[in-house]
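Asker: I need the structure of the sequence given here:
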Amino acid sequence: MSADGSGGSWRFDDEEGAAGEPMEVLADPASSPPVSRFGLTRRQLLFGGAVALTGGAAWAVNRRSASPPARSAAPPSGGPGSAAPRAAPSGPKPRWTYRGTGRLQNSRMGSLTLPPLYLTDADLAQLDPASGSALRHFSVSTAGQLLAGGSRLFDAGADSDQEPGRIIGYDLDTGASDWQYAAPAGTPGGPQAQLRAFDSDGTALYCRNDGFVGPGSNDPGRAESALIAVSLATRQPIWQVPVEHNELIIRLAVVPGGRLLMEGTSSTSLLDARDGRRLWTIGGTGWWNADQQWIYAPDNSSGLRLLSMADGSVHRTLSPGPGDSWRYLAPLPGDNGRLFLFNDDGLVTALDSGDGATRWTYQLPFRLDYRSRPLQAGGLLLVPGPTDGGVVALDAAAGTKRWAFQDGEAGVDVWSLSTDGRYCYAGHDLVLHAIDLHAA
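Answerer: You can find the predicted model right below:
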């Protein structure tokens, strides 16, 4: 039986047309209860998107010319989320395929470097990399991100009516779920505080703590917030800095160089991760990701701005040419001095970190949108498309296609990707596949 249930055979690149099927693992809805069920409900974390913070490139980029480079194929008229006929399954044969009982929500995970995980609205299944069978289950919040820190995933939205000031960590090495942090009595709001976790650097978890001034204050009942760095080892605050009155932290992320990039309601700040000290603040909000030297931010509705990590000043702006209808999406700082740019029309451009020169371009056979989260692993640039578009693996150095994967199954989601360095875990809707990074 084929992967789409039609009874046909799957044609794999490595079998020269021979019929074959990947090992399939079905989620058992009647399996044993998860190792941890806290029964908590939590507000959705106001984290605008996962931040890919890799590399350390310093570069000067040339503005893209009004005449685009030659493209390997014309982009299709469709795009992520659009209805499309079911494509034929093709590409590398998966090591295994896991079929879940709930819709895959792996886009809620803040990191793309992870073991195989299948996240639904309230359950996290950790899978065996070799077989795809479920090793353990964790009960998680129904909204907000899961943040990676060391060997743990932290449930970032722990603020229910029952336990409004608690964050829970799940250890992927041992299956333990006994890491918890609750706001101490001395912090704003004390036990009634509202905690939100934003990011972790493997040593500390960076959180916002919202509470109210106690009755003994000159202004009882006034809202008060603080930014807290919590030690992963001791579960105690390393430092705590107050948030200015009426300021709301929308987003915070760890960036290279031991720093934190923080977005408020009307400003952006760079902090020292050692003590929370502000290094600079600029007016304006919105950014995608960063490397050692630059912060990459959207410019208006279609462009890309490079902000200096040193002081937040605008270094360069890239925009589509007159008459162009495409727009820039979040770039990816890559390894070996490369920066990868993505347009929503499916064009991928690799720039050199030293002189900003274009090293290669590649036209994908599908369009992209803000939900697409490419990643680099094993010398490959992996780009996910809409369900009917599949996943394309490019040689990160040369820009040539190494393989393309399509499971031939119906769906409406954009493919989500993660990797443990050996396999690419690619999924959408109700399915997750393990694909050898060097299958072709």
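Asker: And residue 387, how far from residue 113?
Answerer: 24 Å (CB to CB, to the nearest Å). Where C-beta positions appear, they are placed from N, C-alpha and C, glycine not excepted.
Asker: before we move on, what about residue 395?
Answerer: From residue 395 to residue 113 the distance is 20 Å (CB to CB).
Asker: Restricting to C-alpha, output the helix or strand hosting residue 261 in CSV.
Answerer: Using DSSP states H and E, residue 261 falls within strand 259-263. What follows is strand 259-263, C-alpha atoms only, in CSV (Å, rounded to 0.1, in the frame of the first residue of the first chain):
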residue,chain,number,x,y,z
ARG,A,259,23.7,39.0,24.7
LEU,A,260,19.9,39.2,24.8
LEU,A,261,17.8,41.0,22.2
MET,A,262,14.6,42.3,23.6
GLU,A,263,11.6,43.8,21.9
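Asker: I'd like the next helix or strand past it.
Answerer: Counting by DSSP H and E, what follows strand 259-263 is strand 267-272.
Asker: before we move on, back to that, between residue 387 and residue 113, which is the more surrounded one?
Answerer: residue 387 (26 against 13; other CB atoms under 10 Å).
Asker: Please name the nearest non-neighbouring residue to the more buried one.
Answerer: In space, and not counting its chain neighbours, residue 387 is closest to residue 411: 3.7 Å by CB to CB, 6 or more residues apart in numbering.
Asker: Please enumerate the helices of the protein.
Answerer: For the chain, no helices are identified by DSSP state H.
Asker: Tell me who's in contact with residue 26.
Answerer: When contacts are counted by CB atoms under 8 Å, 6 or more residues apart in numbering, residue 26 touches 98-99.
Asker: bridging residues for it?
Answerer: residue 99 (DSSP bridges).
Asker: Can you check the pLDDT for it?
Answerer: pLDDT recorded at residue 26 is 74.
Asker: Same question for the one 4 residues further on.
Answerer: The per-residue pLDDT reported for residue 30 equals 48.
Asker: Residue 89 too?
Answerer: pLDDT, residue 89: 87.
Asker: I'd like to know how far the closest residue to residue 435 other than its chain neighbours sits from residue 172.
Answerer: Nearest residue to residue 435, sequence neighbours excluded (CB to CB, 6+ apart): residue 424, at 4.7 Å. From residue 424 over to residue 172 the distance is 18 Å, taken as CB to CB.
Asker: do the same with residue 307
Answerer: Distance from residue 307 to residue 172, by CB to CB: 34 Å.
Asker: now swap in residue 324 and tell me
Answerer: From residue 324 to residue 172 the distance is 44 Å (CB to CB).
Asker: Who has more neighbours out of those two?
Answerer: Neighbour count, other CB under 10 Å: between residue 324 and residue 172, residue 172 has more, with 20 against 14.
Asker: contacting residues for that one?
Answerer: The contact partners of residue 172, by CB under 8 Å, 6+ apart, come to 114-115, 126, 151-153.
Asker: Quick one, grab the pLDDT at it.
Answerer: 94.
Asker: and it, what are its phi and psi?
Answerer: Main-chain dihedrals, residue 172, degrees, to the nearest 10: phi -80, psi -10.
Asker: and residue 124, what does it touch?
Answerer: 117-118, 137-140, 146, 153, 170.
Asker: I meant to write residue 259 there.
Answerer: By CB under 8 Å, 6+ apart, the neighbours of residue 259 are 270-273, 279, 309.
Asker: could you redo the last one with a cut-off of 6 Å?
Answerer: Shown in contact with residue 259 (CB atoms under 6 Å, 6 or more residues apart in numbering): 270, 273.
Asker: likewise the one 5 residues further on?
Answerer: Residues near residue 264 by CB under 6 Å, 6+ apart: residue 247.
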